[in-house]
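K.L.:
sequence unknown, structure follows:
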């Protein structure tokens, strides 16, 4: 099982939403999509995990590595709606990762406006 993704730009931040399970089979795809996001956005990235069914330890490590990659590029990573089956264990060697209860709370923190939005998604992203 792998993940599906959707990336939406909001003013000066991006929202990367994941669906599926972030396990060992999905880490390479997640790493690739983070590189794709780095090339196409500016500002912080909110990783929206609302549709994620769960994540493995390797998936959590991949999220921490994504935070480091973003920090190296002068951007930050924030989490929204982490899976109920675990939480990201902070690593003092990695950049801090703020955690929000849900996507609405994360967007409210940044007071996103109604500016132009663009959106990309994987082919199998679940429709509403």
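P.N.:
Good, I have the coordinates. From a predicted model like this one, the values you see are computed outputs, not experimental measurements.
K.L.:
Show me what the longest helix along the chain is packed against.
P.N.:
For the chain, the longest helix by residue count, based on DSSP state H, is helix 57-72. Counting contacts by 3 or more Cβ pairs under 8 Å, 6 or more residues apart in numbering; DSSP states H and E, helix 57-72 is packed against strand 13-22, helix 27-40, strand 45-55, strand 77-80. Every C-beta, even on glycine, is put in place using the N, C-alpha and C of the backbone.
K.L.:
would CSV of these with mean neighbour count and distance to residue 118 be doable?
P.N.:
Listed next are these as CSV, based on neighbours: other Cβ atoms under 10 Å; distance: least, Cβ to Cβ, whole Å:
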stretch, mean neighbour count, distance to residue 118
strand 13-22, 22, 10
helix 27-40, 16, 9
strand 45-55, 21, 14
strand 77-80, 21, 19
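K.L.:
who touches stretch 95-114?
P.N.:
Stretch 95-114 is contacted from outside by 10-11, 13, 15, 17, 44, 46, 48, 50, 63-64, 67-68, 70-71, 76-82, 87-88, 90, using Cβ atoms under 8 Å, 6 or more residues apart in numbering.
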